[in-house]
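Participant: Sequence plus predicted model, see below.
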Amino acid sequence: MHFPDGMKSFPLLLTAALAAQTVITAPENKYTPAQDVQLGRDAAAEARRQLPVIGDDQMTSYLEDVGRRLVAAIPPDLRHPEFRYTFEMVNVREINAFALPGGPMFVNRGMIEAARNEGEVAGVMAHELSHVVLRHGTAQATKATPYEIGQVAGAILGAVIGGGWGRVISEGTQFGIGTAFLRFGREFERQADIEGAQIMARAGYDPRDMANMFRTIEKQSGPGGPQWLSDHPNPGDRYTYITEEARVLRVDNPVRDTRGFADVQARLRRMPRAPTTEEATRNAGRNRPVGTTGSRGGDTRMPTGRVEAPSSSYRTYDENGEFRVSVPANWREVQSANTVTFAPDGAYGSRDGSTIFTHGIELGFARNETHDLQTATEELIDSLAGGNPRLTRPSRFDRTSIADRRGLHTTLSNVSDATGGLETVDVFTAQLDNGLLLYAIGVAPANAGDNYQRVFDRVVKSIELRR
Ligand SMILES: [Zn+2]
């Protein structure tokens, strides 16, 4: 039997009609686009003070060409006339890139060097651009409490200069909780992947090159490779859904290898090897701006390790009218941008401006996009692991109750940055009505006995929310 071509095409057309491109809706946001612009502008100015931006016109204009091509492909409903898109290359080695609210984008030289073609560069840029047009930075802040709101700008800076750049420098503890603000969750990542794929296709690139670049980043085992992933966690099936979306989008003769890309890579090869971000920023931050805590530039004050046992009497603190908590009377309160830590003398120090503690408990709020407590807790632990590569993953969660809310508790272990010894990390979380995650993280050396676990339980039980 022979079927004419016309008959065969019928079911194919039907499939194409059913498989429409995914509709992405920007999340709820109580900020104005003008506020995005202001926040991003301040953070970009700070980034330029701290990071070695490459002034070379040819390289800048190459990045701008790719960027403008993508910007021209932003769908009409996601265009914000206030936004100003800028594209700058940073002379550091790590495979990383970030974009700030309102439009400023910075792409590391290491990213351009690792890309195999222009399509892969465009893939990362389209993903970053999608976070900007969907206004994910301020959408996260929308879910924050007033306790955090005043700190949004500082948190963005922390994400840029601190956690986003290989080390947590400005916000709170070595855990880098503060940077969780601009460290996107899985739902926003999925949105940026899909929206990025659609923008790429409209700009004439093959969205599968975005998936290829993510694979390259995953394979990169050096410092910086995993950093992009901890800021942009893989929702799990990234390659599958990007490939499926690409199938629907169908780009004929996509732009992949270009002369401009080859020229820029050749030029980079002739330059001296890029420094690491840490090398490049070591001396850049001696004059820290306001809005971040701690000092930088090699200032080291390690915990002494001489720590008194927790006092059996407790003292109650009121945290900015947000919550009350009671802690052993011989622990001191150490506030940072959006967390508070209680720790005994000798348990607390800082290195290169990042805070280290060996005994004590940190409390704070984290935004999250899911309303499922366990997923939100796993995301929190993902973000802890960004600054603590030897942190174990939870094997089980125990139900608990915190401030009359349903809570979870899990115990992890980690290798202390300060002592090199094994430490126990107790993570407590509860979901608040406003979608925020309340968390408490207790840290003590593994050989300190279960006394600390009892103290952490008591501290967590004492938490009273004030609103
Ligand atoms: Zn992302």
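Facilitator: Arrived safely, thanks for sending.
Participant: which other residues reach stretch 455-465?
Facilitator: Here stretch 455-465 makes contact (C-beta atoms under 8 Å, 6 or more residues apart in numbering) with 310, 314, 316, 322-328, 342, 361, 363, 400, 402-403, 426, 428, 432, 438, 440, 442. Bear in mind the C-beta positions are built from the backbone N, C-alpha and C, glycine included.
Participant: Which ones among those lie within strands?
Facilitator: Judged by DSSP state E, strands contain the following of the contacts of stretch 455-465: 314, 316, 323-328, 342, 361, 363, 400, 402, 426, 428, 438, 440, 442.
Participant: Show me which of the residues you listed are buried.
Facilitator: 314, 323, 325-328, 342, 361, 363, 400, 402, 426, 428, 438, 440, 442 (16 or more other C-beta atoms under 10 Å).
Participant: So which of the residues you listed is the closest to the ion?
Facilitator: L438 (24.9 Å; C-beta to the ion).
Participant: That closest one bridge partners, please.
Facilitator: Taking DSSP bridges as the rule, L438 bridges to F365, A430.
Participant: Going forward, count from 346.
Facilitator: Happy to do that; since the first residue is 346 now, the last one works out to L783.
Participant: Contact partners for it?
Facilitator: Contacts of L783 (C-beta under 8 Å, 6+ apart): F668, L708, F710, I747, A748, R750, T774, A775, Q776, L777, I808, L810.
Participant: Please repeat the previous calculation with a cut-off of 6 Å.
Facilitator: F710, A775, L777 (C-beta atoms under 6 Å, 6 or more residues apart in numbering).
Participant: what's the closest non-adjacent residue to the last one?
Facilitator: Excluding the flanking residues, the one nearest L777 by C-beta to C-beta, 6 or more residues apart in numbering is L783, at 5.8 Å.
Participant: residues from the stretch 496-645 of the chain in reach of the ion?
Facilitator: Listed as neighbours of the ion in the stretch 496-645 of the chain under the rule C-beta under 5 Å from the ion: F529, E534, A537, H577.
Participant: Just the element for the second one, please.
Facilitator: In this assignment (DSSP states H and E), E534 forms part of helix 531-547.
Participant: give me the residue from the stretch 496-645 of the chain nearest the ion.
Facilitator: For the stretch 496-645 of the chain, C-beta to the ion, closest residue to the ion: H577, 3.3 Å.
Participant: Tell me the backbone dihedrals of that residue, please.
Facilitator: When read as degrees, to the nearest 10, the backbone of H577 gives phi -130, psi 70.
Participant: same thing with the one 5 residues further on?
Facilitator: Main-chain torsions, D582, degrees, to the nearest 10: phi -120, psi 40.
Participant: before we move on, what about N579?
Facilitator: According to degrees, to the nearest 10, N579 has phi -70, psi 120.
Participant: State the distance from it to F702.
Facilitator: 30 Å (C-beta to C-beta, to the nearest Å).
Participant: what do you get for G412?
Facilitator: Using C-beta to C-beta, G412 is found at 41 Å from F702.
Participant: more crowded one of those two?
Facilitator: Per other C-beta atoms under 10 Å, whichever of G412 and F702 has more neighbours is F702, with 27 against 24.
Participant: Mind listing the residues bridging to that one?
Facilitator: Y693.
Participant: So it is in contact with G691, correct?
Facilitator: No: using C-beta atoms under 6 Å, F702 is not in contact with G691, being 10.1 Å away.
Participant: returning to what we had before: tell me the contacts of the residue of the stretch 496-645 of the chain closest to the ion?
Facilitator: H577 touches E534, counting by C-beta under 6 Å, 6+ apart.
Participant: Mind pulling up the pLDDT for it?
Facilitator: For H577, the pLDDT comes out at 84.
Participant: likewise the one 10 residues further on?
Facilitator: Predicted confidence (pLDDT) at I587: the value is 96.
Participant: any idea which helix or strand carries it?
Facilitator: Per DSSP H and E: helix 583-594 holds I587.
Participant: who touches that helix?
Facilitator: Counting by C-beta under 6 Å, 6+ apart, A364, Q366, D538, I539, A542, A546, P552, R553, A556 sit against helix 583-594.
Participant: run the last query once more with 7 Å
Facilitator: Applying C-beta atoms under 7 Å, 6 or more residues apart in numbering, the contact partners of helix 583-594 are 364-367, 538-539, 542-543, 546, 551-553, 555-556, 559.
Participant: Surely R651 and Y693 touch.
Facilitator: No: at 11.8 Å, R651 does not count as touching Y693 under the criterion of C-beta atoms under 7 Å.
Participant: For beta bridges, what are the partners of the nearest residue to E473 once chain neighbours are set aside?
Facilitator: Once flanking residues are discounted, E473 sits nearest to A444: 3.8 Å by C-beta to C-beta, 6+ apart. A444 forms beta bridges with M450, as assigned by DSSP bridges.
Participant: check contacts around A444.
Facilitator: Here A444 is in contact with M450, E473, L474, H476, V477 (criterion: C-beta under 7 Å, 6+ apart).
Participant: Kindly recompute the last result at 8 Å.
Facilitator: M450, F451, E473, L474, H476, V477.
Participant: which helices and strands sit right next to the helix or strand the fourth one falls within?
Facilitator: The reference is to L474. Following DSSP H and E, the helix or strand that holds L474 is helix 463-478. Using 3 or more C-beta pairs under 8 Å, 6 or more residues apart in numbering; DSSP states H and E, the elements in contact with helix 463-478 are helix 402-416, strand 442-444, strand 449-453, helix 454-459, helix 531-547, helix 553-564, helix 604-615.
Participant: Apply 7 Å and report the result again.
Facilitator: On a contact count with 3 or more C-beta pairs under 7 Å, 6 or more residues apart in numbering; DSSP states H and E, helix 463-478 meets helix 402-416, strand 442-444, strand 449-453, helix 531-547, helix 553-564.
Participant: Out of these, flag the one nearest E724.
Facilitator: helix 531-547 (6.9 Å; C-beta to C-beta).
Participant: could you give the angle of that closest one to helix 463-478?
Facilitator: Angle, helix 531-547 to helix 463-478, by axes from the mean of the first three to the mean of the last three C-alpha atoms, to 10 degrees: 130 degrees.
Participant: any idea of the angle helix 531-547 forms with helix 402-416?
Facilitator: Going by the same axes, to 10 degrees, helix 531-547 makes 100 degrees with helix 402-416.
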